[in-house]
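[1] quick one: sequence and predicted model below, then my questions.
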Amino acid sequence: MKILIPSIHYPPVIGGFEIFTQSIAEEIGKTDDIFVVTSRVINVPDKEERNKLKIFRTSPQELKDLSYSGSKFILGAMVWIFFKSLRIARKEKVQLIHAQGFLSGILSYMLSKITRIPYIITIQSADFSVYHHKLNIKPIVSLYEKMEKAIFINAKYCHAISKHLENHLLKYGLKKTIVIPNGVDTKKFVPDPDKFSTRKKLGFDTKNLIVCVSRLEHKNGTHDLIEAAHILNEQKTKDGKQRDFKIIVLGSGSQREKLQEMIEKFALKDKVFLLGSILYSEVPKHVAAGDIFIRPSLAEGFGNVFVEAMAAGAAVIGTPVGGIPDFLKDNVNGLFCEPGNPKDIAEKIEKLMSDKNLAQKLITNGIKTAREEYDWTGIAKRVRDLYGEILN
């Protein structure tokens, strides 16, 4: 098979889409020809080859901030990715195009109209009003929905990473939809048998280390997490002492300055640490060093980071939104907290800090869930089988 994947971003840019694209491309690229066309990133070569996977990077500018792409960068990248993809599709006699989200869907729709090559689309989000709350204006939303409908209807198959997102597809009356979740690299995300020593080396010597991996954007609820930290910090333990905990947040984004101001306002400089963007290869170590993983999302297509945290041996707290309920079962392999409710977030964190038996139960069941149901090898096989079904 010869598959083209036009994707606005690709690792080292990290997010749910990027991890999914890389994981299936590398796995399927062991046996089939995969061509990824994406934007340029600073200090990364414009062309890479791994087995039968070829990665081409093209855009007017190099992306320097891996956590943020402005509209000017994205529009320029889309034009260059389109023409590079068109040349590759014709030269390599590509059989199928795999779109990654709305912007990639626009490119794939146009490429398909010109080349007559069929395409499928993967969606990882649908809550436009939450993900792009600043653009939640009726004319913009209406235009977005019309374009989205055209992309979906003309696709050979629409792939959702959760049941929640499949319901979004079905509202357009689509017949060919499928749910294949995101996954986790269970060889990289593993429990740390000496997590206290690791966290000390990382500079976070504490009895309770809470980890959050998140882009610092409104929809991920990191502002609610900081308010919850303030509530916890104001409380005393039964013996009248201040609670011994630290929270580290891995990731950057447009709300970083606002969040730092909140940390200073609540006097949490020795409790909450914004570590910014770190290499994805360093994420497993940080997550495994933690006792608790939390991201109090307001919206979530699936939530790779939760399953990664499960595999790494952290007790997971999430919100019952989007695709999270597909894998997180309350009081079984994780805990639910109410979205937008810092008081409840604080209560759930305190519950796991004080009840180590419950925390251990969630950890044990979480590891089992990640390993048995969400390993990337099995997920990639299901995607490859979908490619085969369409082409046959």
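    Yep, it's here.

[2] residues touching the residue nearest to residue 303 when sequence neighbours are not counted, list them.
    Using Cβ to Cβ, 6 or more residues apart in numbering and skipping the chain neighbours, the partner closest in space to residue 303 is residue 324 (5.2 Å). (Glycine included, C-beta is placed from N, CA and C.) Residue 324 makes contacts with 297, 300, 302, 303, 306, 318, as judged by Cβ atoms under 8 Å, 6 or more residues apart in numbering.

[3] got CSV for those, with pLDDT, neighbour count and distance to residue 174 too?
    Below are those laid out as CSV (pLDDT from 0 to 100; neighbours: other Cβ atoms under 10 Å; distance: Cβ to Cβ, whole Å):
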residue, pLDDT, neighbour count, distance to residue 174
297, 96, 24, 26
300, 90, 30, 22
302, 90, 26, 19
303, 89, 28, 23
306, 97, 30, 27
318, 98, 27, 28
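
[4] what about the nearest residue in space to residue 103 that is not next to it in sequence, distance to residue 283?
    Nearest residue to residue 103, sequence neighbours excluded (Cβ to Cβ, 6+ apart): residue 8, at 5.2 Å. Counting by Cβ to Cβ, to the nearest Å, the separation of residue 8 from residue 283 is 22 Å.

[5] before we move on, back to that, closest to residue 25 out of the contacts of residue 324?
    residue 302 (17.8 Å; Cβ to Cβ).

[6] show me the shaky parts of this structure.
    Flagging of the chain using pLDDT under 70 yields the residue ranges 127-136, 240.

[7] show me it divided up by domain.
    Listed domain ranges for the chain are 2-183+375-391, 195-373 (source: automatic domain parsing).

[8] ok, which of those domains comes nearest residue 189?
    Of all those, domain 195-373 comes closest under Cβ to Cβ, at 3.9 Å.

[9] dump the contacts of residue 324 into TSV; add secondary structure and distance to residue 290 as well.
    TSV is the format used below for those (DSSP: H, G, I helix; E, B strand; the rest coil; distance: Cβ to Cβ, whole Å):
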residue	secondary structure	distance to residue 290
297	coil	18
300	coil	19
302	coil	21
303	coil	16
306	helix	13
318	strand	14
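
[10] so can I have CSV of those showing distance to residue 44?
    Listed next are the contacts of residue 324 as CSV, based on distance: Cβ to Cβ, whole Å:
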residue, distance to residue 44
297, 29
300, 28
302, 26
303, 26
306, 28
318, 32
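
[11] buried residues, the longest helix seen in the chain. List them.
    With secondary structure taken from DSSP state H, the chain has its longest helix at helix 71-92. Using 16 or more other Cβ atoms under 10 Å as the test for burial, helix 71-92 gives 73, 77, 78, 80, 81, 82, 84, 85, 86, 88, 89.

[12] picking up where we left off before, more crowded one of residue 8 and residue 283?
    Neighbour tally, residue 8 and residue 283, criterion other Cβ atoms under 10 Å: the higher count belongs to residue 8, 24 against 21.

[13] the more buried one contacts residue 82, doesn't it?
    No. Look at residue 8 against residue 82 with Cβ atoms under 8 Å: they stay out of range, at 11.0 Å.

[14] quick one: buried residues of stretch 328-348?
    328, 333-337, 339, 341-342, 344-348.

[15] check which helix or strand covers the residue lying farthest from the centre of the chain.
    Within the chain, the residue lying farthest from the chain centre (Cα atoms, centre = their mean) is residue 239, at 40.1 Å. Using DSSP states H and E, residue 239 sits in no helix or strand.

[16] now residue 35
    Applying DSSP H and E, one finds residue 35 within strand 33-38.

[17] pairing partners for that strand, with directions?
    Paired with strand 33-38 in the same sheet, following DSSP bridges, are strand 2-6 (parallel), strand 53-57 (parallel).

[18] most packed of the ones you listed?
    Across the strands paired with strand 33-38, averaging neighbours per residue (mean count of other Cβ atoms under 10 Å) puts strand 2-6 on top, at a mean of 25.

[19] for the helix or strand following it, name the packing helices and strands.
    Sequence order places helix 16-28 as the next helix or strand after strand 2-6, per DSSP H and E. Contacts defined by 3 or more Cβ pairs under 8 Å, 6 or more residues apart in numbering; DSSP states H and E place helix 16-28 against strand 2-6, strand 33-38, strand 53-57, strand 96-100, helix 304-311, helix 376-391.

[20] quick one, what contacts the residue nearest to residue 328 when sequence neighbours are not counted?
    Nearest-residue entry for residue 328: residue 334, 4.3 Å, with adjacent residues in sequence omitted and distances by Cβ to Cβ, 6+ apart. Neighbour list for residue 334: 306, 310, 315, 316, 317, 318, 328, 362, 366 [criterion: Cβ under 8 Å, 6+ apart].

[21] go on, residue 173?
    With Cβ under 8 Å, 6+ apart, residue 173 has no contacts at all.

[22] equivalent analysis for residue 8, please.
    Residue 8 neighbours (Cβ under 8 Å, 6+ apart): 38, 39, 69, 74, 77, 78, 81, 100, 101, 103, 104.
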